[in-house]
Structure formats: structure tokens, C-alpha cells
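# Quick one: sequence plus predicted model below, questions after.
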Amino acid sequence: MANLALGIILFIFIIGRQVKERVLKRSTFIILPIVALYEAISMYHPLTSTWMWQEGIVLLIIGVIGGVTQGMITKVYERDGIYYSKGGYVYAACWIILIVLRILVKFMFDQGISTETLWLTWLSVIVIYGVRGLVMYLRFPNAIRYAFSENGKMKQRAMIK
């Protein structure tokens, strides 16, 4: 349960940061998926019924749609040799919609709250961030390459000093 609370707090913090303009860094694409992977693994329970598989498939489809939407919403631009990203309030609203959809899917398939498929929530977060990153790469390939390059990392460090 402590893992779940930590995950939710981190999730809210990271999404809150997406509303504001910030330097585009590789951690933007890595931290939340790693936390989500940890949570998914720690909560894993085998999918033993048809409704569990259906719930998983629906969540993966929602994750892909959410990732594409967020990748299209996120703005990336360059200023003074540094790339910045900004999700804005529409991005935050998209996360709220995704969370509401997750709750609806949970009740639609499970008729209540159980922890057997909770790990699927974290799996869908990984899908959302993965697809979002891919869409952003297709839209802004130079910016994403820059964020993962050593040159970009050095410029970001110099800017902080």
C-alpha cells in the first residue's frame, strides 16, 4: 500500500510539472515509466479470467489513444540552443480524463475494486508514455535526439550554473 501511495504522489507531481514550460530532458521520458514498471511488477497478478484479459486489452487501447493525444498536445520549441516542452492545461485535462476512464473500465469489468488488475493501470501508464514519446519523436526528431544526447545534457548543466 505504501508503494501505491508513493506512486500516486510521484504521478501527481510529474503531471503537475507538465503544465509548465520546462527544459526537455531524457528524464522526461524515463522516470515515470520506470516507476510504473516497478509498480506493475510489484502488483502483478496473473490474468485468470476472460474479463481480466478484456480489461487489459481495453486499457492498452486507451493507453495508445491517450499517448497519441498527449504526444500531439505537447509543444516542443527551441530557445537559445535549449529545447523546451510544455503540455499545458489541456495535457493535464487529458490525464484527468484517462484516470476517469480507468475507473470506469475498472467498474465495467470488475464490478468493484479489487487489486488483481491494479497492475494493469501501471502498465497502461507505460504504454501512454511510450506512445507519447514516439509521437513526440515523430513530430520533433531533432529535439528528442538532442534531449538524449550528451551535448544536450552539457548545455542543460551549463544553463543551470
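It's in. Just so it is clear, the structure is predicted and the values come from calculations on it, not from any experiment. Numbering: from 1, shown residues only.

# wait, isn't residue 140 in contact with residue 76?
Yes. Counting by C-beta atoms under 8 Å, residue 76 is a contact partner of residue 140 at 4.4 Å. For the C-beta atoms, the positions are set from N, CA and C on the backbone; glycine is no exception.

# Can you name the residues that contact the residue positioned nearest the centre of the chain?
When C-alpha atoms, centre = their mean is applied to the chain, the residue found nearest the centroid is residue 129 (3.6 Å). Counting by C-beta atoms under 8 Å, 6 or more residues apart in numbering, residue 129 touches 29, 32, 33, 36, 67.

# Could you do residue 27 as well?
By C-beta under 8 Å, 6+ apart, the contact set of residue 27 is empty.

# swap in residue 60?
Here residue 60 is in contact with 123, 124, 127 (C-beta under 8 Å, 6+ apart).

# of the residues you listed, closest to residue 104?
Nearest to residue 104, judged by C-beta to C-beta, of the contacts of residue 60 is residue 124 at 13.2 Å.

# Quick one: find the helix or strand in the chain with the lowest mean pLDDT.
Using mean pLDDT, DSSP states H and E, the weakest-scoring helix or strand in the chain turns out to be helix 150-160, at a mean of 58.

# Looks to me like residue 46 is in a strand.
No. Using DSSP: H, G, I helix; E, B strand; the rest coil, the secondary structure at residue 46 is coil, not a strand.

# Dihedrals phi and psi, it?
Dihedral pair for residue 46: phi -60, psi 140, per degrees, to the nearest 10.

# What spatial separation is found between residue 123 and residue 41?
Taking C-beta to C-beta, to the nearest Å as the measure, residue 123 falls 10 Å from residue 41.

# repeat for residue 55
Counting by C-beta to C-beta - residue 55 and residue 41 are separated by 18 Å.

# which ones are touching residue 74?
With C-beta under 8 Å, 6+ apart, residue 74 has these contacts: 18, 85, 86, 87, 91, 132, 136.

# So for it, what's the pLDDT?
Here, the pLDDT recorded for residue 74 equals 93.
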